[in-house]
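Asks: Whatever this is, show me its structure:
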Amino acid sequence: MKKVLVLCSANSVRSQMAEAYLKFYAKGYGIFFSAGLENHGINPYAAKVMEDDNIDLNEHLSKTVEAFNNITFDYLITVCNQAKERIPRNFSYRNHVHFDIDDPADAQGTEEEILRAFLDTRETVKRHILQFIGRNLLPKSERQS
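Replies: This next block holds a predicted model:
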């Protein structure tokens, strides 16, 4: 089984979404975790938009990358430039995949506008994670040509 860690700046939105989609779509193909450079807790808007996609983030915990210092990962996925630029030097991984995804926590405006930003991020994360699964986790016999 491949070990995959998704790293973000705060482990509150994008990395949590990515971990949840990995667990949902690639169950049986790996062991999946997420972490942040900092721990900001799960953003309630992230939980809401994921719930709308039938995925529950209520059992997820926000954690920092230090919790995984003694593990070598097959894949490190960074989902923001800040995480990519600040990967701890002693962190161990074999392959690095990067997606620069805007942070919807920065969204301002009406409740509807903020929710739209989180929905857009959810769909972006889902698209990238599905591509990652297809390219890196599925056996060649299961990949679409």
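Asks: just so I have it, where are all the helices in the protein?
Replies: 14-25, 44-51, 81-85, 111-132 (DSSP state H).
Asks: right, so these: which one is the most enclosed?
Replies: The highest mean neighbour count among the helices of the chain, using mean count of other CB atoms under 10 Å, belongs to helix 14-25: a mean of 25. No exception for glycine: its C-beta is placed from N, CA and C like everyone else's.
Asks: Could you tell me the angle between it and helix 44-51?
Replies: Computed by axes from the mean of the first three to the mean of the last three CA atoms, to 10 degrees, the angle separating helix 14-25 from helix 44-51 equals 20 degrees.
Asks: Columns mean pLDDT and distance to K2 on top of the helices of the chain, output as TSV?
Replies: Output for these, formatted as TSV (pLDDT from 0 to 100; distance: least, CB to CB, whole Å):
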stretch	mean pLDDT	distance to K2
helix 14-25	98	10
helix 44-51	97	23
helix 81-85	97	20
helix 111-132	98	11
